[in-house]
Every structure is written in C-alpha cells, then in structure tokens.
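Novice: 3D, please:
(one chain, ligands or ions: 1)
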Amino acid sequence: MKAILIEQEVTKGQILNHHAEVRNLPEDVLDGAAAPAADAAVPAMTVDVLFSGVNYKDGLAVGGRPGVLRTSPIIPGIDLVGRVRESADPWFSPGDLVVLTGGGIGESLNGGLAERARVSSEYLILVPGGITARQAAAIGTAGFTAMLSVLTLEREGVTPADGPVVVTGAAGGVGSIAVAVLAKLGYEVTALSGRADSQGDYLRKLGAANVIDRSDMDQPGPPLQKRRWGGGLDTVGSTVLANVLAQTRDGGAVTTCGLTAGSDLPATVMPFILRGVTVAGVSSVYTSRSIREIVWNRLATDLDLSLLDSMTTEIGLDDVPQRAAEILDGLVRGRTVVAIG
Ligand code: NDP
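Specialist: This next block holds a predicted model:
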C-alpha cells in the first residue's frame with residue numbers, strides 16, 4: 001500500500017534524524033509500534049482511506065518539527081475519511097463511510113496519510129448524510145475544532161447581540177471555517193489575518209464583516225484596552241490572544257485552541273477580575289464520541305458546504321511534504337485535502 005512513512009531518531013526531545021517519504025509498504029506496517037493496542041477495550045478496525053488532510057500539526061510532523069510525534073516509525077495524518085473494510089465493532093459495518101479526527105492518529109498511532117488504516121473505533125464517526133467524503137476531510141480536525149470553539153462560545157453565553165466576535169488566524173484552516181460558521185449563525189465577524197491585504201476578499205466572501213491586519217494586535221498593549229469584542233475565537237496564542245482578552249467586553253468569552261504565534265500568553269488577570277472575561281480552552285484530540293456526534297451534526301447544519309468547497313484545495317500523497325513546508329511558512333489558505341483512494 002502507498003503511504004507516507006516517517007522515521008525519526010529522537011534523543012532527549014531533540015530530533016537527530018528525520019526522514020519522511022512516500023513509499024510502497026507491506027500492510028503489516030499497520031501492526032507495528034504505532035498500531036492500536038491489541039488488548040484495548042475498544043476494537044480496532046480496518047478502513048480503506050479515501051481522503052486525509054494537511055493540518056498545522058501534520059505540517060509539524062512531516063516537516064520534522066518536535067512536539068507532535070510520539071513514536072517511530074509512524075504513518076502521519078491526524079485525519080482520515082474512508083470506508084470500513086473490516087469491523088469487530090457491531091456499531092460499524094463494512095462499507096460505512098466514516099471520519100476520524102485526532103484520537104492519537106498521526107501522533108502516537110498510525111494515521112491517515114496511507115491507503116489503508118487500522119484504527120480504534122472509539123473516536124470514529126459515521127459521516128453525516130449530505131456531507132461527501134471529500135467535504136468530511138475538508139472539515140477534518142480544523143473544522144471540528146472550529147465548531148467545538150463555537151459551541152464553547154455558546155456555552156459561555158456569547159450571542160450575536162453581544163457585539164462583534166474576532167477570529168484570529170482567520171485565513172488558516174480553523175480560522176476560515178470559524179468565520180464561515182459564525183457568520184452563518186448571525187455573528188458580526190471580524191477576521192484578523194497577517195494577510196489582510198491579499199486575503200481580505202476571501203475572508204469577506206466567507207462572511208467576515210470586517211478584516212483587520214495582524215499588525216493591529218501583535219504588539220504588547222495595556223492590560224485593559226477599549227472594549228471591542230463580545231467574544232473571540234483565537235487560533236494563534238501569544239500577544240495576539242493577550243490583546244483580544246484586553247479588548248473583550250464585560251462578561252465576554254474567548255476560546256483558545258492554537259499557538260501559531262507562540263505558546264506563551266503575556267497577559268494579566270485584569271480582564272478576568274475587572275471585566276469578568278472568560279478564557280476557555282478547546283482541545284479536539286480525545287473528545288468523546290457523544291460530543292463528536294453533536295459537533296458533526298452542528299457542522300452538517302451550520303457550515304455552508306459551498307463555502308467549504310471554495311476554501312478547499314486538493315492534492316495527492318506525493319505533494320504532502322511540499323504542502324507541509326508551506327503550512328509551516330503560513331502560506332496555505334483554508335483547507336487542504338489529500339485524495340488517496
Ligand atoms: P493553519 O496553518 O491552517 O492556519 C494557521 C494560521 O495562523 C495561518 O493561516 C495564519 O493565519 C496564522 N499564523 C501563522 N503564523 C502566524 C504567526 N507567526 N503569528 C500569528 N498568526 C500566524 O493551521 P490550523 O488552522 O490547522 O491550526 C491553527 C492552530 O490551531 C495551530 O496552532 C494548530 O496546532 C491548532 N489546533 C489545535 C487544535 C486543538 O485541538 N486544540 C486542533 C486543530 C488545530 P493568517 O494568515 O490569517 O494570519
């Protein structure tokens with residue numbers, strides 16, 4: 001089977017040798033170190049992969065950056081969409097169209113950048129009716145995380161009546177889908193992008209009412225600033241997130257899921273203790289199946305699939321190493337799907 005295989009030598013957290021390449025591999029590679037545990041409570045199943053994707057994490061893994069991969073050799077790819085080939089789990093039947101985002105694949109377990117995958121059924125979801133295999137992959141971890149962030153804002157009581165919501169890293173995968181969903185739900189969306197000039201029209205087509213440049217928000221500012229946002233959906237972290245918090249209105253909430261600007265948070269407690277602002281973390285990897293179903297059902301109703309198609313680029317397995325380098329350089333817009341089967 002055709003797959004990307006990564007081999008790494010890691011000592012004390014430092015990657016000494018990194019090799020990522022498209023290869024023809026014997027299928028027993030799926031039984032190697034990165035296979036689901038044979039004695040796991042949840043049965044493993046075999047999936048014929050139709051599509052995978054390239055998320056920021058895949059860029060880090062394929063590009064030889066630390067922090068994502070937990071074992072070697074491993075097939076990367078934190079997302080997969082495919083048809084069940086063999087199932088020991090009565091919940092699934094051969095031929096079912098399924099999607100798996102996260103759950104450890106492409107990190108500690110073999111992932112989706114291969115023609116076949118052997119995965120635990122624990123985090124597998126039937127693709128909701130009306131969403132094609134390609135669209136499910138275009139949603140992938142990025143879209144799942146965008147919707148989980150929107151659900152978190154709703155849980156924290158942020159409504160369209162509370163004023164503009166800012167989305168950071170807006171031209172990226174999570175950001176693009178977040179802009180489209182929030183706008184469809186009636187929020188006035190301000191998209192913050194380092195490419196406001198070149199991607200302004202794109203972001204407005206997704207539904208952004210305003211587009212501002214990252215340079216407005218990436219320098220350290222006072223702990224409390226002019227109230228601008230009813231809420232925020234942050235994908236970049238660091239000084240940008242600190243400024244979003246300092247500009248959030250009383251009682252507002254801001255979600256945090258990403259760190260493309262940095263994993264630090266140079267902020268003070270002032271927005272929390274003087275304006276009652278909430279910061280809410282979003283983690284997609286080990287979300288339970290019941291929450292996954294809620295998220296996918298909301299995606300099926302609240303994401304405009306024609307907008308999703310307009311933000312999707314399709315590549316083949318051979319193109320993934322190049323795409324990984326581009327995503328780390330911040331050059332990729334929207335979502336990238338990898339056509340496999
Ligand atoms: P993408 O690469 O698609 O998008 C990232 C965007 O971040 C870029 O398009 C760019 O947006 C912005 N960006 C890049 N570099 C910088 C920088 N130096 N400073 C500020 N902004 C920058 O990535 P994804 O959308 O897939 O992921 C976004 C983040 O969310 C990543 O950190 C990823 O690891 C994280 N993530 C976390 C998940 C979780 O479960 N917590 C799940 C999914 C993703 P623009 O050009 O518009 O400025």
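Novice: whichever residue of the chain sits closest to the ligand: what's it in contact with?
Specialist: The ligand sits closest to residue 172 of the chain, with a gap of 1.9 Å, by CB to the nearest ligand atom. All C-beta spots, glycine's among them, are computed from the backbone N, C-alpha and C. By CB atoms under 8 Å, 6 or more residues apart in numbering, the contact set of residue 172 is 56, 142, 235, 260, 332, 333, 334.
Novice: what do you get for residue 282?
Specialist: Neighbours of residue 282 in contact, by CB under 8 Å, 6+ apart: 145, 148, 149, 152, 255, 256, 257.
Novice: the ligand next: which of these are close?
Specialist: 145, 257 (CB under 6 Å from any ligand atom).
Novice: can you list the contacts of residue 282 in JSON lines and add distance to residue 308, neighbour count and secondary structure?
Specialist: Below are the contacts of residue 282 laid out as JSON lines (distance: CB to CB, whole Å; neighbours: other CB atoms under 10 Å; DSSP: H, G, I helix; E, B strand; the rest coil):
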{"residue": "145", "distance to residue 308": "15", "neighbour count": "29", "secondary structure": "helix"}
{"residue": "148", "distance to residue 308": "17", "neighbour count": "21", "secondary structure": "helix"}
{"residue": "149", "distance to residue 308": "16", "neighbour count": "29", "secondary structure": "helix"}
{"residue": "152", "distance to residue 308": "21", "neighbour count": "21", "secondary structure": "helix"}
{"residue": "255", "distance to residue 308": "21", "neighbour count": "28", "secondary structure": "strand"}
{"residue": "256", "distance to residue 308": "24", "neighbour count": "22", "secondary structure": "strand"}
{"residue": "257", "distance to residue 308": "19", "neighbour count": "23", "secondary structure": "coil"}
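Novice: redo the contacts of residue 282 as JSON lines? Include pLDDT and distance to residue 281.
Specialist: Below are the contacts of residue 282 laid out as JSON lines (pLDDT from 0 to 100; distance: CB to CB, whole Å):
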{"residue": "145", "pLDDT": "98", "distance to residue 281": "11"}
{"residue": "148", "pLDDT": "98", "distance to residue 281": "11"}
{"residue": "149", "pLDDT": "98", "distance to residue 281": "10"}
{"residue": "152", "pLDDT": "98", "distance to residue 281": "9"}
{"residue": "255", "pLDDT": "98", "distance to residue 281": "8"}
{"residue": "256", "pLDDT": "98", "distance to residue 281": "6"}
{"residue": "257", "pLDDT": "98", "distance to residue 281": "8"}
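Novice: taking the contacts of residue 282, tell me the two that lie furthest apart.
Specialist: Using CB to CB, the contacts of residue 282 span at most 11.9 Å, a distance reached by 148 and 256.
Novice: which stretches of the chain have low pLDDT?
Specialist: Along the chain, segments meeting pLDDT under 70 span 39.
Novice: so how far is residue 285 from residue 144?
Specialist: Applying CB to CB, to the nearest Å, the value for residue 144 to residue 285 is 10 Å.
Novice: who has more neighbours out of these two?
Specialist: residue 144 (25 against 16; other CB atoms under 10 Å).
Novice: the more buried one against residue 295, yeah?
Specialist: Yes - using CB atoms under 8 Å, residue 144 is in contact with residue 295, at 5.8 Å.
Novice: shared neighbours of the two, which are they?
Specialist: Joint contacts of residue 144 and residue 295 (CB under 8 Å, 6+ apart) are residue 287.
Novice: returning to that earlier point: identify the contacts common to residue 144 and residue 285.
Specialist: Residues touching both residue 144 and residue 285 by CB under 8 Å, 6+ apart: residue 102.
Novice: next step: the contacts of residue 172 restricted to strands.
Specialist: If you go by DSSP state E, the contacts of residue 172 have nothing in strands.
Novice: so which of the residues you listed reach the ligand?
Specialist: Okay, of the contacts of residue 172 touching the ligand (CB under 6 Å from any ligand atom), that's 56, 142, 235, 260, 332.
Novice: closest to residue 113 among the residues you listed?
Specialist: residue 56 (14.9 Å).
Novice: return the member of the contacts of residue 282 nearest to residue 265.
Specialist: Nearest to residue 265 among the contacts of residue 282, with distances taken as CB to CB, is residue 256, at 8.1 Å.
Novice: so the closest one sits against residue 267, correct?
Specialist: No - Residue 256 lies out of contact with residue 267 (CB under 8 Å); the separation is 10.8 Å.
Novice: what do these two both touch?
Specialist: Joint contacts of residue 256 and residue 267 (CB under 8 Å, 6+ apart) are residue 241.
Novice: contacts only, for the residue nearest to residue 255 when sequence neighbours are not counted.
Specialist: Spatially, and ignoring its direct neighbours in sequence, residue 255 is nearest to residue 149 (4.3 Å; CB to CB, 6 or more residues apart in numbering). If a contact means CB under 8 Å, 6+ apart, then residue 149 has 174, 178, 233, 255, 257, 282 as its contacts.
Novice: how much space between the closest residue to the last one other than its chain neighbours and residue 221?
Specialist: This points to residue 282. Closest residue in space to residue 282, ignoring its immediate chain neighbours: residue 257 at 4.1 Å, by CB to CB, 6+ apart. Using CB to CB, residue 257 is found at 22 Å from residue 221.
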